Every structure is written in C-alpha cells, then in structure tokens.
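Engineer: Sequence and predicted structure are below.
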Amino acid sequence: MNAPRPTGPSAAPQEATTSGCPVAHGGQDSLTRLYGFDASTDPQSVYERLREHHGPVAPVLLEGDVHAWLVLGYRENRRVLENPRQFTRDSRIWRDWKEGRIEESSPLIQMVGWRPDCVSQEGEAHRRLRAAVTDNLQATAGRGIRRHVTHFANKQIDAFVSAGRAELVTDYAQSLPMLVLTRLFGLAEGEGRQLAVSCAQVIKGGEEALAHNDRIMKILGELAERKRAEPGSDFTTGLLEHRAGLDEGEVLSHLRLVLIAAHTTTSNLLARVLQLLLTHPSHMAGVVSGRLDISAVVEEVMWNTPPLAVCPGRFATADLELGGQQVKAGDLLVLGLAAGNRDPEVRPDVTTALHGNKAHLAFSGGSHECPGQGVGQAIIETAVDVLIHRLHGLRLAAAAEDLTVTASSWEARLDRLPVEFTAQET
C-alpha cells in the first residue's frame, strides 16, 4: 500500500556533473572556468562566488539542468520564507513542470514534487495537516524521548567502547537518530537501519533516489496497516487517529516527510556538533564541566553549518523583483540557508560568538518552519551527553584540517570523525 507518487517536481538544487552544489547557468565547464574548484568539497566558496557574481539571488542549474534561483541573502531568504502569497510551496504552479520540461523520473521530484502533505500546501489545507504533525510530535516528545535516546546511544557505544577508537559518523551519528525514530514511529529496529540508508539516498538525489523512495513508502505502508489493526502510543497511530481526519495518502506522506526530514537533519547536525566539540577543546571542557550548555553549541553549529544547506523550493506566484533579479511567475526558487546565515550584509564577522541568538535560518521560517525542533534538540543533547560521559579521554584521532565534507544539492555532510579514548570493558 503506497501513497500516490508526487505529481510535481522533486528536490535538489542542480549540481555540476561531479559535484552536488548549485552551479551558475552555463553548466560544469562554465563553473570550472569561473570558480576553479570542486564544489562538492567546498560549497561555501561556491555560495560566496555566486554572491560576488550575481548578488543575493543567483540563477543556477539543478540536477538535470533544471533552472532555478538560489537565494543567498539573509533578508531575501526571510522575504521568501515569510510571504507565502508571493512565494508558495505548492509546486503545481511550477512552470517548467507544467510545460513538460521535468521528467517524472527526475530525482528532484523526491524533494520538490507535490504530495498530499503540509509542506506542499498553503492556507487552511496547510493548517489542518500541520496540526496533525505538530500535535503528535509534541505528544511523542512527552513520552520519554530522552530515555529512548539514552538506550540506543549506550547500545551504539557498547559496540565500540572496548576498542578504544571509533569513527563517530558511521558508528554513532549516522544511525542513532533513525533508531530513536523507529521506536517513536512503532517500527522494528531492523527496519530503521534500512530506512537510514534510503533516507540518505533520497536527499542525495541521483538515479537511485526514486527506488529508495519506493522502499521507504513500502515500509511505511506496511507500518500503517499494522497500526490500524493494532494501535499503540506512537507517532503513526497518532496520525491515523488525529481529529484532522487524514486519509491514507496524507498519513503515508506525513510519515515519509517526518522520517526523512528528522533523520537526515538530526544525523548531520549531531555529527557537526561532535566535530565542533572535538576541534575546540574549550567548548568540550565547558560542556563537560557544565559551564557551557550543549544547546549553545548546537546554536553555533546552526549558524555556521546548518544541517540543511539548501531548502527545497518555493515558487513565485507572480512576476516580481527579488535581490535585483527579475523573477517570473512559476519560477522555482531554492533557499540558501547556509549562505544566508553567513551573509556579510547581516554578519560581517562570522567569528563573532552568537550565543543566545536564534535568528538563524537553519529551521527555515514562516508558516513552514520546522515543527520538529524540540525532538531534534532532545536527540542531539542526550546523544552528546551520553557519549562524552561514557568515553573517558575522548579526543580527535586526526588533524582538524583533514576532516572533509561532501556536498549534495541540499546538504554538506561530514565524511568521517575518527576518535580515540580509553578502552573499557562492556
């Protein structure tokens, strides 16, 4: 039992032939001549050079040579996010889609395509569906989520604690959020490991994105059937029984939406928080001693390396001007959250401490602002706390400058985080 396939575009700012970042109109050769480096390993430099060349809004190509506008400016991002009458999330008005220039098999469809979920809707339809999500996320967060995180965090650590070394991206951050989500959704732990791989592939894009999305929908369809027959105190049952009266397609689309968004952003953010602590001894000492709250470290990461670097599309509802560019009705815009957070117009010195400043773009904004912030925060804070208090003598086992990232259209993920610590018997 699968939800209907999306009927609109899918997601991911077009990348160069071998890299994952948006590129200036003209293709890979043009990007190489203009900027001269591999965008997949240095996305922030791409954003800076696009800003220099085009200003706060740049014409880019998405995967499959799909035209879009990349919003780089902080103020311009805020304008798009907070004005749904001018910039809608409903991709059914996307001109390239309506005029047949987007293939149904395009990997972009998995991220930008229309679905019967709250992200694809505006107005009353959006409010009805979003209420079902937020109500159940709040209920889920109140059912001992930190207890679940502690359980799975210790289980992950038990697998490597006796070795005295680990690679915290693969061994910890990459899988822990999904293990917690399987418990919250009412899924089996084994299903969670499959879903973690498929969620990552959907965000990454490429030829395999569609097959992995189908795998996700199959697992979630079977889950919904089980929960109709045997309800429980879990997120899935909450959607099925919510007063908003979600139909089958709406239930499955929201299960998919929350699963992919929560896992991919939280796993990425967890890895980045651990990276910051391990490469800044004063931060680590402050957290261990209690002088620095983990939430302050999370906020710093949200500003400098948000887990979603580029947010999937908005669509102009009329011809208008944005950041000096003439945007046409039906044009696709993608939101450069990472670029906007480092906009020199509002943040001329990116080294300035931002403790307590939550005006970053990492959670998007406006009516579509991420509703799962509390759940993600609880997972990360608990995961970090368990790790640093269980692993004595925890230290980075590589030079900080040797830690690399790989960017896809929507995110830049840390490749590895090798550590050493005092080995312990389990």
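Structural biologist: Noted; the coordinates are in hand.
Engineer: Check which residues of stretch 66-73 are buried.
Structural biologist: Residues of stretch 66-73 classed as buried: 66, 68-73 (neighbour count, 16 or more other CB atoms under 10 Å). Every residue, glycine included, has its C-beta placed from N, CA and C.
Engineer: Oops, could you answer that again for stretch 161-172 instead?
Structural biologist: Buried positions in stretch 161-172, judged by neighbour count with 16+ other CB under 10 Å: 161, 166-169, 171-172.
Engineer: gap between the closest residue in space to Asp247 that isn't next to it in sequence and His368?
Structural biologist: Excluding its sequence neighbours, the residue lying closest to Asp247 (CB to CB, 6 or more residues apart in numbering) is Pro116, at 7.6 Å. According to CB to CB, to the nearest Å, Pro116 and His368 sit 16 Å apart.
Engineer: now, which of the buried residues of stretch 66-73 lie within strands?
Structural biologist: Judged by DSSP state E, the buried residues of stretch 66-73 include 66, 68-71 as members of strands.
Engineer: what's the lowest-pLDDT member of the residues you listed?
Structural biologist: Within these, Val66 has the lowest pLDDT, namely 89.
Engineer: Quick one: end-to-end length of stretch 312-320, please.
Structural biologist: End-to-end distance for stretch 312-320: 20 Å, by CA to CA, to the nearest Å.
Engineer: in whichever strand or helix holds Leu257, what's buried?
Structural biologist: For Leu257, the host element (DSSP states H and E) is helix 248-279. Applying a neighbour-count criterion of 16+ other CB under 10 Å, one finds 248, 250-279 buried in helix 248-279.
Engineer: what angle do the helix or strand following that helix and helix 248-279 make?
Structural biologist: Next along the chain after helix 248-279, taking DSSP H and E as the criterion, comes helix 281-289. Interaxial angle of helix 281-289 relative to helix 248-279 (axes from the mean of the first three to the mean of the last three CA atoms, to 10 degrees): 110 degrees.
Engineer: quick one: buried residues of helix 281-289?
Structural biologist: Using 16+ other CB under 10 Å as the test for burial, helix 281-289 gives 283-284, 286-287.
Engineer: how distant is the helix holding Leu257 from the center of its chain?
Structural biologist: From the chain centre to the centre of helix 248-279 is a distance of 6 Å (CA atoms, centre = their mean, to the nearest Å).
Engineer: average pLDDT across it?
Structural biologist: Mean predicted confidence for helix 248-279 is 96.
Engineer: what do you get for stretch 76-86?
Structural biologist: Averaging pLDDT along stretch 76-86 gives 97.
Engineer: cool, and stretch 100-117?
Structural biologist: Here the average pLDDT along stretch 100-117 is 89.
Engineer: export it as PDB, just CAs?
Structural biologist: Extracted C-alpha coordinates of stretch 100-117, given in PDB (Å, rounded to 0.1, in the frame of the first residue of the first chain):
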ATOM      1  CA  GLY A 100       6.700  19.300 -19.600                       C
ATOM      2  CA  ARG A 101      10.400  20.100 -19.100                       C
ATOM      3  CA  ILE A 102      10.700  18.000 -16.000                       C
ATOM      4  CA  GLU A 103      10.700  14.200 -16.300                       C
ATOM      5  CA  GLU A 104       8.500  12.200 -13.900                       C
ATOM      6  CA  SER A 105      11.700  10.200 -13.100                       C
ATOM      7  CA  SER A 106      13.700  13.300 -12.200                       C
ATOM      8  CA  PRO A 107      15.400  12.800  -8.800                       C
ATOM      9  CA  LEU A 108      14.300  16.400  -8.000                       C
ATOM     10  CA  ILE A 109      10.700  15.100  -7.700                       C
ATOM     11  CA  GLN A 110      11.500  13.400  -4.400                       C
ATOM     12  CA  MET A 111      12.200  16.700  -2.700                       C
ATOM     13  CA  VAL A 112      10.200  19.400  -4.600                       C
ATOM     14  CA  GLY A 113       7.300  17.400  -6.000                       C
ATOM     15  CA  TRP A 114       3.700  17.900  -4.800                       C
ATOM     16  CA  ARG A 115       2.400  15.500  -2.200                       C
ATOM     17  CA  PRO A 116      -0.700  15.500   0.000                       C
ATOM     18  CA  ASP A 117       1.300  16.800   2.900                       C
END
